[in-house]
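here's my sequence, what's the structure:
(chains A and B)
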Amino acid sequence: MIRLNVNGSVREVEAEPDTPLLWVIREQVGLTGTKYGCGIAQCGACTVHLDGQAVRSCSLPVSSIEPGQKIVTIEGLSPDRSHPVQKAWAELDVPQCGFCQSGMIMAAAALLAQKPKPSEAEIRQEITNICRCGTYNRVLAGINLAAQGGETGRG
Amino acid sequence: MTSTASPALSRRFFLAGSAAAAGGLALGFDLSGAPAAAQGAAPATPEVNAWVVVRPDETVVIRIARSEMGQGTLTGLAQLVAEELGCDWSKVTTEYPTPGQNLARGRVWGDFSTGGSRGIRESYVAVRQGGAAARTMLVAAAAQEWGVPAGECRVEKGVISHPSSGRSTTFGKVAAAAGRMEPPKDVALKDPKDWIIAGKPVQRLDTVEKTDGSQVYGIDLKLPGMLNAAIRDCPVVGGTVKSVDASAVEKMPGVRKVVRVGDSAVAVVADTFWRAKTAVDALPVVWDEGPNAKVSSETIAAMLKEGLDAPDAFVGNKAGDAAAALKGAAKVVEATYAYPFQNHATMEPMNATARWTPERCEVWTPTQNGEAALAAAAEAAGLSPRQCDVTKIHLGGGFGRRGATHDWVRQAVLIARELPGTPVKLIWTREEDMTHGRYHPVTQCRMRAALDESGNLTGLHMRISGQSILAGILPGRLASDGKDPVTFQGLNPGGAEAAIGYTIPNLLIDHAMRNPPIVPGFWRGVNTNPNAIYLECFLDEVAHAAGQDPLAFRRKLMAKHPKHLGVLNAVAERIGWETSKPPAGVHRGIAQIMGFGSYVAAAAEVSVSDDGKIKVHRIVAATDPGVAINPQQIEAQVAGSFVYGLSAALYGECTVKDGRIEQTNFDSYPVLRLDEMPAVEAILMPSGGFIGGVGEPTIAVAAPAVLNAVFAATGKRVRQIPASRTDLKRA
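Numbers count the residues shown, from 1 in each chain, chains lettered A, B, ... in the order given. Below you'll find the predicted structure:
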C-alpha cells in the first residue's frame, strides 16, 4: 500500500513500486487530466507539481515519492479554473487539440511560481513541452498575460 | 486533418472506389435505403431537425458531423449553423451524432470524414441550410400559434417576435412544435456580408475543458468493468507472429489474458494499462519477419532513384514540349531533391475501447472519420455495420493518422472478441505509435529547367519518383490507368483544389510510381509538402541561375494566376522584400502554393550560425481561403502550420533498417519546441467567391520559404529533407 498526497487528499493505492507516478495518478487515483505522451520524459504531457516543482511523472517511479510530498495535478491547480494561467489560456484560446495542455499549463504555473515575471528568453528556455498542433506562440502570450495579471502560481 | 479527395474523381466514384479498396466505407452504399435500425438512445429533447436541438432552458445543441482534433472545425461549423439559425451564441453547445445514427437516417449529416482541410468547406452549404431550415420551422411554429403570417415574424438571438402585434416567444418554447412542422423545401441563405456570428473571431467552444483536465480523450475513457490492453505488432511490416510464450507473463500482476491479434500482433489484457504494458514488454515472441526483413532506407532510395530516369511515368501536367525546350535551351538547370518518411506523432497515441458480444460491437475512439471507423469495427467484429456503432471521442491530434485507415480499431475489436461482454481499452505506447505509423510518402524529384539567352524560363520537367498514398492504402481510388492524382497536389493544370500558380510554355510534370512496403498515409499537408519544396526551392535555384530576383522571376510566370500572385505579393510587401533590408546576418526566402482550395504564401527571415544551426526569426504568411469563418482560429492554424512544417523540414525523418522503422520516440524523432518557434504574422485576405481549407495548405510553404532563406544565408542548397542532413557549417 502506497500513501500519496494528491491535490490535498491522502490516497492509498496498490501498485508495483516501479510503476510510474503518471500511471498511478491516471489508473489508481483516477485523475486522467495528466496525459501520457512519450513515457521517457521527453514531451512533458505528464507534468505535475511535486512540492511545487514541475516534474515529468511518466519517468518517476511511485516508490520514489517521499511520504509527505505533495502532488498537484491539473485537476488540483485551482478549484474553479481561476489560476492565472488557466484564465489566460481561456482568454487567448491557447489550446488546439489540448492533449498537451495540462502539462503545458502545469509547467507554466510552476515557472511563474518561481519567477513571476519571466523574460521571453526565460520562457523559451524553461517551457520545453512538446505541442504538435503548434500552439507555442499562444503559450508564450498566455504566460506573459498570466504574469501581467500579477497573481502567480500556487500549487 | 489530412487526406484528400481528388477533384478529378466524382464523389460517387470515391465511395465506390473506397469500398472496393478497404472493404470499409462501403456501408454508405450498402445501407442506403435500408430500414432504419434502432441506433442509440432517443434524445431527451426532440430535435427541430437533424442539426439543431433547442432545450426548454434555451440551450441550443448543434450537431457536428466532422471531428474536432484541434483545428477548430467544431466551433466554425457551429458558427455557420448558429448564424442561419439566429440563436444566442452564448447558449450554443455541440454534440456528435454517431456514424450508426447517420446510417440509420440515410446519412442525414452527410460525410463524417475530416481530412483534406474539408471539414468546413465541404459542409459550408449543408450546415447553413440546416440552420436556416431549423429557423424557418421555429418561426413557422410561433406564427402558427399566433395565427400570423410567418413572414411578419422576426428572429434575434433566439427570440421570435411579431412586431405588429407585440408578441414574442423563444426558441425553447416553440422547439417541440417546430420539430413537427414540415421542413422547408428551399431556404435562402444569408449573404456573408450580413454575418454576425460566422466570419467573426469568436472564441472556441471547447477551450475551458482543456484548461482543467476535464476534457475526455480516447485514452481517458473509463467504462464499468473495463480492462486495459497493450500490444506489440511485428516490427517488420508484412511480418507475422511465429510463436509466443504466454505462460511467461500470465502470472504477472493484473494480467488477465494473452491474445493473438490477427497474424501479426500479440496483446496482453490486464486490469491496468501499466500492468498490460509491462507484461507485453516481457512477453517472449518469435517473429517471422516475412519478405521485407532486408528493406532499408538505402534499398528504398535506390528503388526511387531508378524511377527518376524511367521511361514510363504518369503525367500530371503537360504543356508544349518540355523535352524539346530542354534540348534547345541556352542553359539547363538541374537538381534532385528528396523527401523522407515521417510519422504524424499525434500527442495522443492511437487507442480505442471496444466491447464485443456475438450480437453487437461498440467502439469508442478518437477518429477523423467515424464512418470508416464503423466499417473497420464491423469487419473485425464479424458483424453487420447495423450491429455496431462508434462513439467518437475527442482527438489528441489527428493530422491524417486517424482518418483513412483504422488499424488500431481493428486491433481493439479483435482483442475484445477474446473477452465477450467486457470493454477493453487498447492504448499504443509511443514506441508502438512511432514504429507502426502510416508514414508521409517517400519521394525523390528530378527538376530540370530550360532558360533562354535572356534568362526566361522556357521549359520545365519535374519528375517525381516514389510512393503513392492511394496505391498503399486506398487502391480503389486510383485512376483507371493506375495514376494517383493526389501525387500532383499543387501542380495540377487547373481546378479549384490545388492548381499550379505558374504559366510555363513547355511543361511536363510526371510521376514514376515506386511503392516500397512501408505503409504510407495522408500526412497533414499531404503531397503539397514535397511538391512545394521541389517546385519552390528549385525555382529559387533557377532564378539565381538566371541572375534574377526570386520574387521578380516568379512574377513573370504568374500573370495568369492572380490569386497565387496576390498572396505572394502580400507576404513580399509585409516583409519588405523590395523596400527594406533584413537585420544584419538575417536573410530572406519566399514561397507560394495552392492547396486544399486555398492560396498561401510565406516569407521567412532566417540566420544560420557558423556551426550550421538554422534559426528562423520571423515568418509572414498570407492565406486567401475565399471566405473566412473564424479569423482568430485561422491565425492559430497558420501559426501551428509552421510548427508542423518546420518540424518536418528541419528534423522529420523516419529511417528504415532491417525492415524496421528506426525512430521510436521523441528522443530520436525530434520536433520543434518553443525555444525555436518563430514569430508568425498571419495575413488573412479572403477574396470571396470560393471557400478553401486552412488546416493544411500553409504547412507546405514553411519549408521552402525557410530553405530558400538558408540558401541566401549560406549559399548552400538543402535538397534533402530534413535539413539536419545537410552540413551548413561555414567553411
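
now do the SS call for the spatially closest residue to B:G688 that is not a sequence neighbour.
Among residues not flanking B:G688 along the chain, B:G626 sits closest, at 6.3 Å (C-beta to C-beta, 6 or more residues apart in numbering or on different chains). Backbone N, C-alpha and C define where each C-beta goes, glycine included. B:G626 falls in the coil class when you classify it by DSSP: H, G, I helix; E, B strand; the rest coil.

ok but A:V10 is inside a strand, no?
Yes: the assignment for A:V10 by three-state DSSP puts it in a strand.

state the helix or strand in which the residue in chain A positioned nearest to chain B lies.
Residue of chain A nearest chain B, by C-beta to the nearest C-beta: A:G33 (1.8 Å). Assessed by DSSP states H and E, A:G33 sits outside every helix and strand.

helix, strand, or coil at B:K222?
Here B:K222 is recorded as coil under three-state DSSP.

got the confidence number for it?
We have a pLDDT of 97 for B:K222.

and it, what does it touch?
Residues near B:K222 by C-beta atoms under 8 Å, 6 or more residues apart in numbering or on different chains: A:30, A:32.

same question for B:D675.
Taking C-beta under 8 Å, 6+ apart, one finds A:124-125, A:128 in contact with B:D675.

thinking again about what came up before, wait, the residue nearest to B:G688 sits on B:L684?
No: the criterion here is C-beta atoms under 8 Å, and B:G626 misses it with B:L684 at 11.2 Å.

A:N144 sits in which helix or strand?
Going by DSSP H and E, A:N144 is in helix A:136-148.

in that helix, what counts as buried?
A:136-140, A:142-147 (16 or more other C-beta atoms under 10 Å in any protein chain shown).

which of these come close to chain B?
Residues of the buried residues of helix A:136-148 in contact with chain B (C-beta under 8 Å from any C-beta of the partner chain): A:136-140.

switch the buried residues of helix A:136-148 over to TSV; also include pLDDT.
As requested, these are arranged in TSV below (pLDDT from 0 to 100):
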residue	pLDDT
A:Y136	98
A:N137	98
A:R138	98
A:V139	98
A:L140	98
A:G142	98
A:I143	98
A:N144	97
A:L145	97
A:A146	97
A:A147	96
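
where do the strands sit along the stretch 551-700 of chain B?
Listed from the start of the chain, the stretch 551-700 of chain B has strands (DSSP state E, counting those that start in this stretch) covering B:587-595, B:598-608, B:614-624, B:656-657, B:660-661, B:679-684.

chain A is nearest to which of the ones you listed?
Chain A lies closest, by C-beta to the nearest C-beta, to one member of the strands of the stretch 551-700 of chain B: strand B:679-684, at 6.2 Å.

okay, now the sheet partners of that closest one, with direction.
The pairing partners recorded for strand B:679-684 under DSSP bridges are strand B:614-624 (parallel).

chain neighbours aside, what residue packs nearest to the residue positioned nearest the centre of chain A?
The centroid of chain A falls nearest to A:M106 when counting by C-alpha atoms, centre = their mean (2.7 Å). Of all residues not flanking A:M106 in the chain, A:T47 sits nearest, at 4.3 Å (C-beta to C-beta, 6+ apart).

quickly list what that neighbour is bridged to.
Assessed by DSSP bridges, A:T47 has beta-bridge partners A:R56.

kindly report the same for B:K615.
With DSSP bridges as the criterion, B:K615 is bridged to B:S607.

residue contacts, it?
Neighbour list for B:K615: B:606-609, B:676 [criterion: C-beta under 8 Å, 6+ apart].

can you check B:T405 too?
B:22, B:376, B:438, B:473, B:519, B:521.

that one and A:D51, how far apart?
Counting by C-beta to C-beta, to the nearest Å, the separation of B:T405 from A:D51 is 45 Å.

quick check: B:G307 is in a helix.
Yes: assessed with three-state DSSP, B:G307 lies in a helix.

for burial, what's the neighbour tally of it?
20 (other C-beta atoms under 10 Å in any protein chain shown).

before we move on, what about B:T272?
21.

picking that back up, for the helix holding A:N144, packing partners?
Where contact means 3 or more C-beta pairs under 8 Å, 6 or more residues apart in numbering or on different chains; DSSP states H and E, helix A:136-148 is packed against helix A:84-92, helix A:101-114, helix A:120-126, helix B:631-650.

look up the closest residue to the closest residue to chain A within the stretch 101-250 of chain B, ignoring the ones flanking it.
The stretch 101-250 of chain B approaches chain A most closely through B:G213 (1.8 Å), counting by C-beta to the nearest C-beta. With sequence-adjacent residues excluded and distances taken as C-beta to C-beta, 6+ apart, B:G213 is closest to A:G33, at 1.8 Å.
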